[in-house]
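Chemist: No letters, just coordinates:
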């Protein structure tokens, strides 16, 4: 995993503050490959309760994590009971690592 302990702690803090303590957080995608370089940060946030403004929440998390990562591109994938489950959600659950 190509994130520092400080970055992981910062991402956790951002997600818990914006999405709540019950949010499950996973890193997936190219940042899991220790032999790779660069790349964006793909995070998967799974929530136990419905989300009223999912686009706003994903954008807010993405923006704050991007600032934490010094402008690195961040993709945020949300899952909640009121959101459609897509194949990418299953990939993130299966291949992602919990943070």
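Modeler: Sure, I can see it. Just so it is clear, the model here is predicted, and its values are computed rather than measured.
Chemist: Name whatever forms a beta bridge with residue 45.
Modeler: residue 25, residue 78 (DSSP bridges).
Chemist: so it makes contact with residue 24?
Modeler: Yes. Using CB atoms under 8 Å, residue 45 is in contact with residue 24, at 7.3 Å. C-beta: built from backbone N, CA, C; applies to glycine.
Chemist: if you count what's nearby, which of these two comes out ahead?
Modeler: residue 45 (23 against 16; other CB atoms under 10 Å).
Chemist: show me what contacts the closest residue in space to residue 96 that isn't next to it in sequence?
Modeler: Of all residues not flanking residue 96 in the chain, residue 26 sits nearest, at 3.2 Å (CB to CB, 6 or more residues apart in numbering). Contacts for residue 26 (CB atoms under 8 Å, 6 or more residues apart in numbering) come out as 43-44, 46, 92-93, 96-99.
Chemist: swap the cut-off to 10 Å and go again
Modeler: By CB atoms under 10 Å, 6 or more residues apart in numbering, residue 26 lies in contact with 32, 42-46, 77, 79, 92-99.
Chemist: Check residue 49 too.
Modeler: Residue 49 touches 19-20, 22-23, 80-82, counting by CB under 10 Å, 6+ apart.
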